[in-house]
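Novice: next come a sequence and a model predicted from it.
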Amino acid sequence: MELKFFKRNRTLIIKIDGEIDHHTCETLRGETDRAFEKMGGKNIIFRMGDVSFMDSSGIGAIIGRYKNIQRLGGRIAVAEANQRVEQIFQLSAMQSLIPSFPNLDLALEYVEGGKE
Amino acid sequence: MEYQNAFRVFFAAKSQNEALARIMTAAFLSQYDPTLSEITDVKTAVSEAVTNAIIHGYEEKTGEVELFCGYKDGQVYIEVADQGKGIADINQAREPLYTSKPELERSGMGFTIMETFMEGIRVESRQGEGTRIYMVKTLTTE
């Protein structure tokens, strides 16, 4: 798994490339939390267009980040998830907390539209 | 049961071997001309079962995970087993969103995913002895 971090306005964008499982989630969690601390910001978007595999560990890691961000008044969203990743989100009913958007612009519009 | 083809492997209960288990399963399956979606279904179910063995069975300590894949008449049979602590309450463990380890950010969706992506799942578990999961999937093409 490879992670790339970008900052747009007050949003940290994490581009995930590769497989998300229990093993790689440790990196995903650690690096995301470190980047958020270092780069600052309020919201998080996971760009998942290049995720080739994801099991339920991915849901756990994303919901974990949601809990941290929510405490700080921020928002979190997923962008570009493929059909398979989307299916796993739907099973967990995660979308009631963390919406999923087909592209980055829509995801940015949602997270940046949060309250001050 | 007599399988037309099968393999059984044992590997260390280490998280980096979750990917290994998925690759071995996919390679075995690919001999039977499955759809991409069927391969992903089985890989995801195996990933969940192996992760459970490592996190819950062995609680991330030393141990060995067993993976079996068998094929007969268009059906794939999977077994994932550990000799770890066992499951105290199988019905509770299978409930969607239930996790005994929320502190590890587990989603509690492992069994639900196995049930959704496979056709049949059976769980055998004894406390202090271990857990064995049996799963079946029918392939649409032969």
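Specialist: Nice, I can see it.

Novice: CA only for contacts and neighbour counts going forward, please
Specialist: Fine.

Novice: list the helices and strands the helix or strand hosting A:Lys15 packs on?
Specialist: Taking DSSP states H and E as the criterion, the element that holds A:Lys15 is strand A:11-20. With contacts defined as 3 or more Cα pairs under 8 Å, 6 or more residues apart in numbering or on different chains; DSSP states H and E, the packing partners of strand A:11-20 are strand A:2-8, helix A:22-39, strand A:43-54, helix A:104-112.

Novice: is chain B contacted by the second one?
Specialist: Yes: residues of helix A:22-39 are located near chain B by Cα under 8 Å from any Cα of the partner chain, namely A:22-23.

Novice: likewise for stretch A:62-74?
Specialist: Yes: with Cα under 8 Å from any Cα as the threshold, stretch A:62-74 lies in contact with chain B, specifically through A:63-64.

Novice: returning to what we had before: adding mean pLDDT, mean neighbour count and distance to B:Gln16, write the helices and strands packed on strand A:11-20 out as TSV.
Specialist: Conversion of these to TSV gives the following (pLDDT from 0 to 100; neighbours: other Cα atoms under 10 Å in any protein chain shown; distance: least, Cα to Cα, whole Å):
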stretch	mean pLDDT	mean neighbour count	distance to B:Gln16
strand A:2-8	96	13	15
helix A:22-39	95	16	6
strand A:43-54	97	21	15
helix A:104-112	96	17	31
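
Novice: TSV for those, including distance to B:Thr140?
Specialist: Rendered in TSV, the data for these read as follows (distance: least, Cα to Cα, whole Å):
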stretch	distance to B:Thr140
strand A:2-8	34
helix A:22-39	30
strand A:43-54	22
helix A:104-112	36
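
Novice: name the element the closest residue to chain B within chain A belongs to?
Specialist: For chain A, the residue positioned closest to chain B under Cα to the nearest Cα is A:Gly60, at a distance of 4.4 Å. If you go by DSSP H and E, A:Gly60 is part of helix A:56-71.
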